[in-house]
Each structure stands twice: as C-alpha cells, then as structure tokens.
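Engineer: coordinates for the following, if possible.
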Amino acid sequence: MAKARIVGVGMDYSPTSKSALRWAAENLVDDGDHLVLIHVQPPNAGHTRKILFEDTGSPLVPLEEFREINFSKQYGLAYDPQVLDVLDTLSRAKTVKVVAKVYWGDPREKLCDAVDDLNLDCIVLGSRGLGPIKRILMGSVSNYVVTNATCPVTVVKAN
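Structural biologist: Numbering: from 1, shown residues only. This next block holds a predicted model:
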C-alpha cells in the first residue's frame, strides 16, 4: 500500500480556488491521503484568533469543526456550502482526512511556509489568469509558489 500523502490546496473562495479544490479531489487525492485546506488572511485582518496564532498559523482544524459557521466567523473566512460539499464527499467517498489551517500575511510567502510547516507532498493552487501586465505589476501568487515551494505545485487555470 502506498504511503498516505499530504496534499495542500490554497483556498480563498474565488472561483479558481474552488476549481483547484475540485481538480485535486477528482484527479489527485487517493484513499487514505490527507488534504489540508490552506487559507491566508490579510495581515491587517483583525479576527480574534489572529492574536493567538499570527506567528505560527492556526492549529489544524478538523472538517467537523471547520463545517461550523462559528469557526468561519472566528477566523474571518467565508462560509461556503460548495466547498464543504466537496470536502464532505472527499472525506466519505475516498476516506480522506480533511483539515484546515489559517495563516496571516502575504499569500505567496505563507503558502510556501505551509509547504514546509505541514510537510506537504504537493500543493494545488488556482490561477486568476492575470494578463502579463497585471502579473508584472501585482505579482502572481501561483508563479511565486511554483518558483519557491519545496514540493511539486499544480496550478489549475480558470475555466
């Protein structure tokens, strides 16, 4: 039997991050794997949990707790039934252990930090499909992570 992998998915609730989650669920994650949904909140987000976990990121939050609206409020996350449906299906159909982790700061740096903190075997991100000019001006999170992460990175383009 193959060793269970730890797969990270960057989640900001944009259509492309949801596509990345669906892609990972359908094409990458296998029975027994662990899936970590990685949220990066802006550094100025003033949520109650930030004070406790700003330096290290939140503890790993099991799917059962992540499903609660109160959890989303505490961390300033969107409560998204579509995302929860994909995660519930994964945890049941493929017996995947699903957890969430929240970081605060620059998404580029924090996603790379998550790769090392969580010993990810791979990470999946959505791409907003910025044109070349916007990508130069704004910087692309996916380009940065592809260049700097210490594990394989899959970028799922917007449909």
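
Engineer: now Arg5: how far from Leu111?
Structural biologist: Separation of Arg5 from Leu111 (C-beta to C-beta, to the nearest Å) stands at 17 Å. For every residue, glycine as well, the C-beta is placed using N, CA and C.

Engineer: now swap in Gly10 and tell me
Structural biologist: Counting by C-beta to C-beta, the gap from Gly10 to Leu111 is 6 Å.

Engineer: same check on Tyr13?
Structural biologist: From Tyr13 over to Leu111 (counting by C-beta to C-beta), the distance is 15 Å.

Engineer: looking at these two, which is more packed in?
Structural biologist: Leu111 (25 against 14; other C-beta atoms under 10 Å).

Engineer: phi, psi for the residue lying closest to the more buried one once chain neighbours are set aside please.
Structural biologist: Spatial nearest neighbour of Leu111, chain neighbours left out: Val145 (5.1 Å); criterion: C-beta to C-beta, 6 or more residues apart in numbering. Here is the backbone geometry of Val145 (degrees, to the nearest 10): phi -70, psi -40.
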